[in-house]
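Colleague: after the sequence you'll find the predicted model.
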There are 2 protein chains.
Amino acid sequence: MYNAAIRVFVVDDHPLVQEGMRSLLGNEKGIEICGYAMTAQSCLGFFVHNSADVILMDINLPDMNGIDLCKEIKTKYPGIMILALSTFNQGSYVTKMMENGASGYVVKNADKNELLEAIHEVSKGKTYLSFEAGQAMRKSNESAQIPAITRREKEILVLIAEGLTNPEIAGKLFVSPSTVDSHRKNLLAKLNVKNTASLVKFAMDHQLI
Amino acid sequence: MYNAAIRVFVVDDHPLVQEGMRSLLGNEKGIEICGYAMTAQSCLGFFVHNSADVILMDINLPDMNGIDLCKEIKTKYPGIMILALSTFNQGSYVTKMMENGASGYVVKNADKNELLEAIHEVSKGKTYLSFEAGQAMRKSNESAQIPAITRREKEILVLIAEGLTNPEIAGKLFVSPSTVDSHRKNLLAKLNVKNTASLVKFAMDHQLI
DNA sequence: CACAAAATCCCCTTTTCAGGGGATTTTTAA
DNA sequence: TTAAAAATCCCCTGAAAAGGGGATTTTGTG
């Protein structure tokens, strides 16, 4: 085995996290931090003329969400491995990142060892899920994989959460109140909730709105 | 003016943030990091036999929320200044921390200068709000200061969000459905929302539940 | 103690929602 | 092109919520 250091690029808009990475990984043998970006745009800019082995990518960026950035990077440069980094630990996020080409997911309260292990695994083309992320993903797969919601249903869901009644929504969307009612019933059935209150809570808990 | 370094104690369960702090503040003249804690409990333990000038406190700790920890520290050791630190930037959080004795609020995407300025200001007994936090607070004060909700109302609010109906809640709390209905109406009136859907959304948006 | 705030309870009417059923027309993707 | 999925629409009934009113009993704090 040869010993080229793994080139790591960090995309995160938190100076604290960047500092932390620098001091956590900077002196680590086998790892070389080859650049930083605070925004998705500057990250994309960097890769026009440069490369890296692994990108540590925050999911919450100021100018673009990590899920889309992940997809774009993987499309243009499939050889670069992406390790998602997030404060949150929500099953839906984890799943979406993995579906869009991420090789792993590490929560930001990971310690140094976990971070190093994740980087090494991912750089070899393997998958790494931090314990919490794995749990969240399993939970979201076991108990309730969220059924797909259609465009129209989502649109109506948003208006319901804003407090509009069926007739009001109907007026806004130029359809009959019966139609809105049908969609509403479908939502209740699909998401397996029994009334408006639990519908809104479920939707907010799962980032549907 | 004499030049004793400001003793800073960091309470944050993210190793990354701790590392970041260490490398950001470690070599800074006039600042001395006198300790770290990952949990509220170990923080409280530290201050039994030690002290500090400023605590940088994450609002989201594993064992206790920052708002309560803040209150406890300020009660026991009013001389210690608390600078709240959070990923989020929600007006309600900012307001609550300040009400519970925090001297300032800095979002985690603050840069080094902002952090240093905040620590210095706060250590002098002044108040520091990072720009975003100030905005959030102003917004939450302008548009809608959230009316106080009573214990009972909150209890019922939670059950409403879980999807229980008035009779069901009444059964659970051993009161009459009329009573539940009254509380429900009070909630709608207090929070100025028109129905269950917007009530739940408002409650979740403002961390009432 | 006394006063205010909170919590409890009841009446009424109208509107909206939930649950059940069924049906037709557009879209979308294979 | 053709089947499946989505979106549209309607009927019915009973339950729940919203909007209005008022009243009494606890609780908590100065």
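Modeller: Thanks, I have the structure now.

Colleague: end-to-end on stretch A:33-50?
Modeller: 13 Å (C-alpha to C-alpha, to the nearest Å).

Colleague: tell me if it is near chain B.
Modeller: No: Stretch A:33-50 stays clear of chain B (C-beta under 8 Å from any C-beta of the partner chain), getting no nearer than 8.7 Å. In this view, the C-beta of every residue, glycine as well, is placed from N, C-alpha and C.

Colleague: in that stretch, what counts as buried?
Modeller: A:Ile33, A:Cys34, A:Gly35, A:Tyr36, A:Ala37, A:Met38, A:Thr39, A:Ala40, A:Cys43, A:Leu44, A:Phe46, A:Phe47 (16 or more other C-beta atoms under 10 Å in any protein chain shown).

Colleague: pLDDT of that stretch, averaged?
Modeller: Mean pLDDT, computed over stretch A:33-50, is 92.

Colleague: got it, and stretch A:185-205?
Modeller: Averaged across stretch A:185-205, pLDDT comes to 95.

Colleague: how far is that stretch from where the chain is centred?
Modeller: Relative to the chain's own centre, stretch A:185-205 is displaced by 23 Å; criterion: C-alpha atoms, centre = their mean, to the nearest Å.

Colleague: now do stretch A:101-113
Modeller: So, by C-alpha atoms, centre = their mean, the centroid of stretch A:101-113 is 12 Å from its chain's centroid.

Colleague: how about residues contacting it?
Modeller: By C-beta atoms under 8 Å, 6 or more residues apart in numbering or on different chains, the surrounding residues in contact with stretch A:101-113 are A:17, A:24, A:57, A:70-71, A:73-75, A:78, A:81-89, A:94, A:97-98, A:114-115, A:118, A:121-122, A:125-130, A:132-133, B:13-17, B:19.

Colleague: put the buried members of those into a ChimeraX selection.
Modeller: A single ChimeraX command selects the buried members of the contacts of stretch A:101-113 (16+ other C-beta under 10 Å):
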select /A:17,24,57,70,71,73,74,81,82,83,84,85,86,87,89,94,97,98,114,115,118,121,122,128,129,130,133 /B:13,14,15,16,17,19
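
Colleague: just the contacts of stretch A:101-113: which are in strands?
Modeller: A:Met57, A:Met81, A:Ile82, A:Leu83, A:Ala84, A:Leu85, A:Ser86, A:Tyr128, A:Leu129 (DSSP state E).

Colleague: any chance of a markdown table for the residues you listed, columns pLDDT?
Modeller: As requested, the ones in strands among the contacts of stretch A:101-113 are exported to a markdown table (pLDDT from 0 to 100):
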| residue | pLDDT |
| --- | --- |
| A:Met57 | 91 |
| A:Met81 | 93 |
| A:Ile82 | 93 |
| A:Leu83 | 92 |
| A:Ala84 | 89 |
| A:Leu85 | 87 |
| A:Ser86 | 81 |
| A:Tyr128 | 90 |
| A:Leu129 | 86 |
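
Colleague: near DNA strand D too, which of the residues you listed?
Modeller: Among the ones in strands among the contacts of stretch A:101-113, no residue is within reach of DNA strand D (C-beta under 7 Å from any atom of the strand).

Colleague: write out the residues of chain A neighbouring DNA strand D.
Modeller: Residues of chain A lying near DNA strand D by C-beta under 7 Å from any atom of the strand: A:148, A:150-153, A:170, A:173, A:175-179, A:181-183, A:195, A:197.

Colleague: return the subset of the residues you listed lying in helices.
Modeller: When DSSP state H defines the helices, the subset of the residues of chain A next to DNA strand D inside them is A:Arg151, A:Arg152, A:Glu153, A:Ala170, A:Leu173, A:Pro177, A:Ser178, A:Thr179, A:Asp181, A:Ser182, A:His183, A:Ala197.

Colleague: out of those residues, who's nearest chain B?
Modeller: Distances from chain B to these, taken as C-beta to the nearest C-beta, are shortest for A:Ala197 (4.8 Å).

Colleague: mind listing which of the buried residues of stretch A:33-50 are in strands?
Modeller: Short answer: the buried residues of stretch A:33-50 in strands (DSSP E) are A:Ile33, A:Cys34, A:Gly35, A:Tyr36, A:Ala37.

Colleague: which residues touch the second one?
Modeller: Residues in contact with A:Cys34, defined by C-beta under 8 Å, 6+ apart, are A:Arg7, A:Val8, A:Phe9, A:Asn50, A:Ala52.

Colleague: which one (most neighbours) among those?
Modeller: A:Val8 (24 neighbours; other C-beta atoms under 10 Å in any protein chain shown).

Colleague: give me the element the nearest residue to A:Pro78 once chain neighbours are set aside is part of.
Modeller: Nearest-residue entry for A:Pro78: A:Gly101, 7.9 Å, with adjacent residues in sequence omitted and distances by C-beta to C-beta, 6 or more residues apart in numbering or on different chains. When elements are defined using DSSP states H and E, A:Gly101 is found to belong to no helix and no strand.

Colleague: neighbours of A:Gly101, how many?
Modeller: With other C-beta under 10 Å as criterion, A:Gly101 counts 17.

Colleague: could I get the pLDDT score of it?
Modeller: Looking at A:Gly101, the pLDDT reads 84.

Colleague: how about it, phi and psi?
Modeller: phi 110, psi 0 (degrees, to the nearest 10).

Colleague: I appreciate the help and will end here.
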